[in-house]
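[1] let's see this in three dimensions:
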Amino acid sequence: MYIRRLLLRLTAVVSTLLVGATTIAQEPSTPYAVLTSADRAQRLRAAVTSHADALAGELLVKFKEGTASAEQTRALSVLRQSVSARARWAGDVLLVDTPGEPDPAAAAAIVARQPEVDWAQPNYLRRIRATPNDPEFSSQWNLTTIDMPRAWDINPGAGPSITIAVIDTGITAVTQTFDFRLWTGDRFETVSIPFRANPDISAARILPGRDFVFWDGPVLDMDGHGSHVSGTALQETNNTFGLAGVAYAAKLLPLKACLGYWDLQLLFGMDNIRDFVDPDFEGECDDFSMAQAIRYAADQGAQIINISIGGEGQAPILLDAMRYAVERGSFISLAAGNEFLEGNPVEYPAAYAPQINGVVAVAAVGRSLRRAFYSNTGSYVELAAPGGDDRDGGISGMVWQITLNPSDAVPGRTVRPRFDRYSTVAYEGTSMAAPHVAGAAALLYSQGITRPAAIEAALTTFARDLGSAGRDNEFGYGLINPRASLRGEGLAK
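    This is a model prediction of the structure:
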């Protein structure tokens, strides 16, 4: 099972090119206020260790419209002990601290039965999953497979009026060094950790963004997943450097809703926890933070939202948040899931895609256009895009992008990480497939197709049919075809 999990396969290959190999010469600055308490960090750690699918001690509750505060209090009184007075809201959903409730699912079921309550759910954890002149474009079979060079002839990379919000592990938006307290095995040390913004995305195209899980300072990627995903969606193109991205002229709104290994390790250090995070920890994204990020993206006017995150467990908070965003004009691309070989469970939020016109769930294909071996199938799959498949072409059959250099921060081996160097790295997963669709949607929006439902219709109507004739559970309506969608060629069929 996932976290609402970062939807990539953890196989990764790194090229020898390093970008930003010099240490940043800048005075360290003081970290900002931390958003995850020591108690919550410990509960998150316990959830990961026990493979729990939700965070103990927290519930998400939506009251019926018009319910007064006193009635809300009465509904929550059915819990075993008084809830915390600290209230946090995502729209009209309350995050309730429930320290006396060890079983979130059972507690949610009890609260949901109260007449004042619309629904209640555990706070589930989901895991992280013109021909350009860029010198490494030849390795990007994924872009030629969907005919991007000819699509760019029609629409060259969207434009600065288009914003793509990437909800993920963050994308570093500053070049700066920060001092953090870290446990290094036998003592705590104050370590100066350098960060650098992605050198293949112009700083002028990266909006400040927001962090919902680590601190109230600038967005930082300490995992690499968010950087890789954003690169496919809108990495700089035609700049004689690195790799290319689909909507390379659009702006990026980085939204951090997931904690990776180093986020949690730094939280441990700041809270004087003498321990290391499990090196197998893949990253966790809780439903409440995801919902906050979705609503924030819509409120900031992001026309496109990419969410390469998923996991089991129905999440009405995410359904409500996506409806909110689409009503405000945001198109949403979702990764369909990487658990086909683990029983092919229904994945959320992807499974909600058919309920909302303007939200699509994206499956992954390899370079020979077969379904990637890991890619989930189901009635909720609506489109397919290149996600990479090392069983279909080996290393070269994966999706390559510039992201953080993995050897600088290896979980379990590195004790003093750095995040200021970038490499070309190959990943595979529906995480990699979804941003292709987000980028294509940005091109359509800049071409004048501005309603989320109309963007979905253009992408599904003109998709290249794969598998069984018509829509099927492996590829949905087929492989995205940005050029055909932009030209409307499907109308002639």
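
[2] now N123: closest residue in space that isn't a chain neighbour?
    E58 (4.2 Å; CB to CB, 6 or more residues apart in numbering). All C-beta atoms are positioned from the backbone trio N, CA, C, and that covers glycine.

[3] what pairs with the one you found across the strands?
    Beta-bridge pairing for E58 (DSSP bridges): D97.

[4] which residues touch it?
    Neighbouring residues of E58 by CB atoms under 8 Å, 6 or more residues apart in numbering: L95, V96, D97, T98, P104, P122, N123, D286, F288.

[5] mind listing what's buried along whichever strand or helix holds the last one?
    For F288, the enclosing helix or strand under DSSP states H and E is helix 287-299. In terms of neighbour count (16 or more other CB atoms under 10 Å), helix 287-299 has its buried residues at D287, F288, S289, M290, A291, Q292, A293, I294, R295, Y296, A297, A298.

[6] does anything pack onto it? Which helices or strands?
    Applying 3 or more CB pairs under 8 Å, 6 or more residues apart in numbering; DSSP states H and E, we find helix 287-299 packed against strand 54-63, strand 88-90, strand 93-97, strand 117-126, strand 163-168, strand 251-256, strand 304-307, helix 316-327.

[7] hang on, the earlier thing: quick one: the residue nearest to N123 from A120, how far?
    According to CB to CB, to the nearest Å, E58 stands 11 Å off from A120.

[8] next one: F373
    37 Å.

[9] who has more neighbours out of these two?
    A120 (26 against 16; other CB atoms under 10 Å).

[10] these two touch, right, the more buried one and F63?
    No - using CB atoms under 8 Å, A120 is not in contact with F63, being 9.5 Å away.

[11] in stretch 65-76, what's buried?
    For stretch 65-76, by 16+ other CB under 10 Å, it's T67, E71, Q72, A75, L76.

[12] what's the domain layout of the protein?
    5-28+127-492, 57-124 (automatic domain parsing).

[13] tell me which of the ones you listed lies nearest to A46.
    Closest approach to A46 among the domains of the chain is made by domain 57-124 (9.8 Å; CB to CB).

[14] mean confidence for the closest one?
    What domain 57-124 shows for mean pLDDT is 89.

[15] roughly how far is that domain from the heart of the chain?
    Between the mean C-alpha location of domain 57-124 and the chain-wide mean there is a distance of 27 Å, by CA atoms, centre = their mean, to the nearest Å.

[16] can you list the buried residues in stretch 363-379?
    Quick answer for stretch 363-379 (16+ other CB under 10 Å): 363-367, 369-378.

[17] which members of those residues are the farthest-apart pair?
    Across these (CB to CB), the longest gap, 23.4 Å, separates R367 and G378.

[18] before we move on, back to that, which pair in the contacts of E58 spans the largest distance?
    T98 and D286, at 14.4 Å, using CB to CB across the contacts of E58.

[19] contacts only, for R43.
    R43 sits in contact with L55, A56, G57, where contact means CB under 8 Å, 6+ apart.

[20] and N357, by the same measure?
    By CB under 8 Å, 6+ apart, the neighbours of N357 are V326, P452, A453, E456, A457.

[21] what is the helix or strand hosting the last one packed up against?
    Read it as A457. Per DSSP H and E: A457 is located in helix 452-461. Helices and strands touching helix 452-461, by 3+ CB pairs under 8 Å, 6+ apart, are strand 331-335, strand 359-365, helix 430-446, helix 482-487.

[22] that one vs strand 331-335, what angle?
    For helix 452-461 against strand 331-335, the angle by axes from the mean of the first three to the mean of the last three CA atoms, to 10 degrees is 50 degrees.

[23] mean confidence for helix 452-461?
    97.

[24] so how far is it off the chain centroid?
    Its chain's average C-alpha position is 22 Å from that of helix 452-461, according to CA atoms, centre = their mean.

[25] now that helix: buried residues?
    Under 16+ other CB under 10 Å, the buried positions of helix 452-461 are P452, A454, I455, E456, A458, L459, T460, T461.

[26] please identify the buried residues of stretch 378-395?
    For stretch 378-395, using 16+ other CB under 10 Å, the buried residues are 378, 380-390, 392.

[27] how far away is I154 from I201?
    Taken as CB to CB, the span from I154 to I201 is 23 Å.

[28] no wait, V410
    24 Å.

[29] show me what contacts the residue nearest the centre of the chain?
    Centroid-nearest residue in the chain, with CA atoms, centre = their mean: D168, separated by 3.1 Å. D168 makes contact with 6, 128, 221, 225-226, 229-230, 254-258, 306-309, according to CB under 8 Å, 6+ apart.

[30] which of those residues sit farthest apart?
    Most distant of these, by CB to CB, are D221 and I307, 15.9 Å apart.

[31] what's the pLDDT at the residue nearest to the centre of the chain?
    pLDDT at D168 comes out at 97.

[32] by mean pLDDT, flag the weakest helix or strand of the chain.
    strand 5-6 (a mean of 46; mean pLDDT, DSSP states H and E).

[33] what's the helix or strand for the residue located most distally from the centre of the chain?
    What lies farthest from the middle of the chain is A70; by CA atoms, centre = their mean that is 37.1 Å. In the assignment (DSSP H and E), A70 maps to helix 69-76.

[34] contacts for that helix next, please.
    V61, F63, T67, V83, L94, V96, V111, Q114, P115, E116, V117.

[35] ok, now with 6 Å
    For helix 69-76, contacts defined as CB atoms under 6 Å, 6 or more residues apart in numbering pick out F63, V83, Q114, E116, V117.

[36] more neighbours: V410 and I201, which one.
    I201 (26 against 11).

[37] okay, now the residue nearest to A458 when sequence neighbours are not counted: neighbour count?
    Closest residue to A458 apart from its sequence neighbours, by CB to CB, 6+ apart: S485 at 4.5 Å. Residues lying near S485 (other CB under 10 Å) number 26.

[38] check D465 too.
    For D465, using other CB under 10 Å, the count is 14.

[39] correct me, but it touches L479?
    No - using CB atoms under 6 Å, D465 is not in contact with L479, being 8.2 Å away.

[40] in what helix or strand does W262 lie?
    Residue-wise, W262 maps onto helix 261-270 under DSSP H and E.

[41] what packs against that helix?
    strand 176-183 (3 or more CB pairs under 6 Å, 6 or more residues apart in numbering; DSSP states H and E).

[42] hmm, try it at 7 Å
    helix 38-49, strand 176-183 (3 or more CB pairs under 7 Å, 6 or more residues apart in numbering; DSSP states H and E).

[43] just send the ones you listed back as TSV, with mean pLDDT too.
    Converted to TSV, the helices and strands packed on helix 261-270 look like this (pLDDT from 0 to 100):
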stretch	mean pLDDT
helix 38-49	83
strand 176-183	95
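
[44] how about these, which one is nearest V191?
    strand 176-183 (4.8 Å).

[45] my guess is Y352 meets A321, correct?
    No - assessed by CB atoms under 7 Å, Y352 is found out of contact with A321, at 10.1 Å.
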